[in-house]
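> Sequence and computational prediction follow.
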Amino acid sequence: DAGITQSPRHKVTETGTPVTLRCHQTENHRYMYWYRQDPGHGLRLIHYSYGVKDTDKGEVSDGYSVSRSKTEDFLLTLESATSSQTSVYFCAIADSSGANVLTFGAGSRLTVL
Amino acid sequence: GIQVEQSPPDLILQEGANSTLRCNFSDSVNNLQWFHQNPWGQLINLFYIPSGTKQNGRLSATTVATERYSLLYISSSQTTDSGVYFCAVEGKDSSYKLIFGSGTRLLVRP
C-alpha cells in the first residue's frame, strides 16, 4: 500500500497487556483514521485525527486511545487488551483537498487470548 | 449519528452477469465513497461520489443525494470482482468522520 504502512501486521497477546499499533504515512496527509473490522459489522471508526495533536472519537472508542505527535504517525493504544478487541485494525489516510478520499493500509490482525 | 444500510448482504453471480448494489443513508451527506475489499483483505477506493454519476470501466455509481441513496453497478462481472463492497458516508454534521455500511459480499462464479 503505497504511502501507508501499518505495524505490526500480526500480533498475539494476552488479556490485560498493553498493545500499540502504528500507522505511518509518507503522503503528508492531514487526516488519519483507525477502524476495526469484525464479521457482521463492516468497518467501525475508533478514532481519527485531523492534524498533529488533534484527535476525536469515533463510533467505538471505549478501551482505545490515540496519539499523533507528528504528521506521519498515528498510534492506536489498547491500555489493557481484552478478548473483545480481537479484530483486524485498519488505518486510513485522507488529504484535505475537499474530497477526503480514503486510502487504507494493509491491516493489522490482533488476537487477544 | 448517520445510519448506513447496504443491500443485498450477499450476492452470487455467474461470470458475465450484471448487478446493482444499493446504499441507503439516513441523513444528508457531504461525502460518499464506495470501496472494494478483495479476498485478501485489501481495501480499494472505487468512487468518490457525493452526488451524480461516475463511470470507471465496467463499474459505475450513481448517488441521488435528495433521496438518500447510492447505487453501484457492476456490468459483465468477472471472478476478480468477488469480495465485499462497502459504502461510506460523511454526514453534514460529522466533519471528516466516514461511517461504513456493513457491506455486500459478492461471489462471482466462473
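Received, thanks.
> Just to be sure, residue B:66 is in a helix?
Yes - assigned with DSSP: H, G, I helix; E, B strand; the rest coil, residue B:66 falls within a helix.
> burial measure for it, as a count.
8 (other CB atoms under 10 Å in any protein chain shown). Heads up, the C-betas are built off the backbone N, CA and C, glycines and all.
> ok, now the one 5 residues further on?
Residue B:71 has 17 neighbours, counted by other CB under 10 Å.
> Tell me how many other residues crowd the residue nearest to it when sequence neighbours are not counted.
Take residue B:71 and drop its neighbours on the chain: the residue closest to it by CB to CB, 6 or more residues apart in numbering or on different chains is residue B:62, 5.0 Å away. For residue B:62, the neighbour count with other CB under 10 Å is 17.
> quick one, phi/psi of residue B:62?
Per-residue torsions, residue B:62: phi -130, psi 130 (degrees, to the nearest 10).
> show me what contacts it?
Residue B:62 sits next to B:49, B:52, B:53, B:70, B:71, B:73 when contact means CB atoms under 8 Å, 6 or more residues apart in numbering or on different chains.
> Phi and psi next, for residue B:18.
phi -100, psi 160.
> hmm, back to that, and the contacts of residue B:62, which two are the farthest apart?
Greatest spacing in the contacts of residue B:62, by CB to CB: B:52 and B:73 (13.9 Å).
> So which of those two has more stuff around it?
Comparing residue B:52 with residue B:73 by other CB under 10 Å, the one with more neighbours is residue B:73, at 15 against 10.
> what's near enough to touch the closest residue to that one other than its chain neighbours?
Spatial nearest neighbour of residue B:73, excluding adjacent residues (CB to CB, 6+ apart): residue B:60 at 4.7 Å. Residue B:60 makes contact with B:53, B:54, B:72, B:73, B:75 under the criterion CB under 8 Å, 6+ apart.
> got the residues you listed as TSV, with pLDDT columns?
Converted to TSV, the contacts of residue B:60 look like this (pLDDT from 0 to 100):
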residue	pLDDT
B:53	97
B:54	97
B:72	98
B:73	98
B:75	97
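> What parts of chain B come near chain A?
B:1, B:31, B:33, B:35, B:41-45, B:48, B:86, B:88, B:90, B:95-103 (CB under 8 Å from any CB of the partner chain).
> try 7 Å this time
Selection of chain B residues close to chain A by CB under 7 Å from any CB of the partner chain yields B:31, B:33, B:41-43, B:45, B:48, B:86, B:90, B:96-103.
> Buried by neighbour count, from these: which ones?
Those of the residues of chain B next to chain A that meet the buried threshold are B:31, B:33, B:43, B:45, B:48, B:86, B:90, B:96-103, by 16 or more other CB atoms under 10 Å in any protein chain shown.
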